[in-house]
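Asks: Sequence and predicted structure below; questions after.
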Amino acid sequence: MSKRLADKVAVVTGASKGIGAAIAKQLASEGASVVVNYSSSKEGADRVVAEIKKQGGKAVAVQADLAKKSDIERLFAESKKAFGRLDILVNNAGIYEFSPVEGITSDNFHKQFDLNVLGLIFASQEASKNFGPDGGSIVNISSLATIITPPNSAVYSGTKAAVEAATKVLAKELGPRKIRVNAVSPGMVDTEGYRAAGLSEGEWRKTVEAQTPLGRIGKPEDIAPAVAFFASPDSSWITGETLVIAGGFR
């Protein structure tokens, strides 16, 4: 595999499992030194770091709750201390809680928006301070929920719509500083979170697979290469875009 990210440093938020872990390992395999961020799963983050190092890569795990600005500032300070620079930020950390409109509460709303949107904005803010004169790449993780808008997802789908809007705005703001901002929007992906929520083996999965030309839901490893593309020089004239990866399901 080519080392198109050689000598680059990447921070991947929410990288202890699932899509984030796959992204961290993909970037490392292409030459980047990776900061594996986690909120509570130290064991998972340490496992991702160990797998990267086993393959000859460089990685460290850094705990930070992306819903807290002080934690975000510490994350980037420790990343800079570990590797001396920053070139790539992947805003992957996120949470979802599905609820009918009657069940939505202020706590439910703020829990999702504080992490999925405000955390992403604050992380982008810190990254923009730490990128060098050559700029950098920010890749945000959205969701196909913005297109299929499933019932009971008003808050979650709202957060991801905000992510896609912020991606376009930040691309315009940060472009003059050579900072590109793009997003990847996965469809249904078989992760630990989906399995824990009971979605992986239910009727919803069967419905999606039946309507997907490729006949299956996604795997974390299906998403990671697209993130690596946006992080790399191969996309040097692409910014403000959202790439849907859903096996053809819409």
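Replies: Nice, I can see it.
Asks: and the closest residue to residue 88 other than its chain neighbours, what pLDDT?
Replies: Using Cβ to Cβ, 6 or more residues apart in numbering and skipping the chain neighbours, the partner closest in space to residue 88 is residue 10 (3.7 Å). Placement of C-beta: from N, CA and C, glycine included. We have a pLDDT of 99 for residue 10.
Asks: what does residue 204 give?
Replies: Per-residue confidence (pLDDT) for residue 204: 73.
Asks: Can you tell me how far the residue nearest in space to the middle of the chain is from residue 241?
Replies: What sits nearest the mean C-alpha location of the chain, by Cα atoms, centre = their mean, is residue 92, with 2.0 Å. Using Cβ to Cβ, to the nearest Å, residue 92 is found at 17 Å from residue 241.
Asks: Also residue 151?
Replies: Distance of residue 151 to residue 241, given as Cβ to Cβ: 28 Å.
Asks: okay, the two: which has more neighbours?
Replies: Neighbour comparison, residue 151 and residue 241: the larger count goes to residue 241, with 16 against 8 (by other Cβ atoms under 10 Å).
Asks: Relative to the lengthiest strand in the chain, what are the paired strands and their orientations?
Replies: Within the chain, and with DSSP state E defining each element, the longest strand by residue count is strand 179-186. Its sheet considered, strand 179-186 pairs with strand 136-141 (parallel), strand 242-245 (parallel) by DSSP bridges.
Asks: give the contact list for residue 167.
Replies: 140, 142, 181, 182, 183, 240, 241, 242 (Cβ atoms under 8 Å, 6 or more residues apart in numbering).
Asks: So what sits opposite the nearest residue to it once chain neighbours are set aside in the bridge?
Replies: Spatial nearest neighbour of residue 167, excluding adjacent residues (Cβ to Cβ, 6+ apart): residue 183 at 4.4 Å. With DSSP bridges as the criterion, residue 183 is bridged to residue 140, residue 242.
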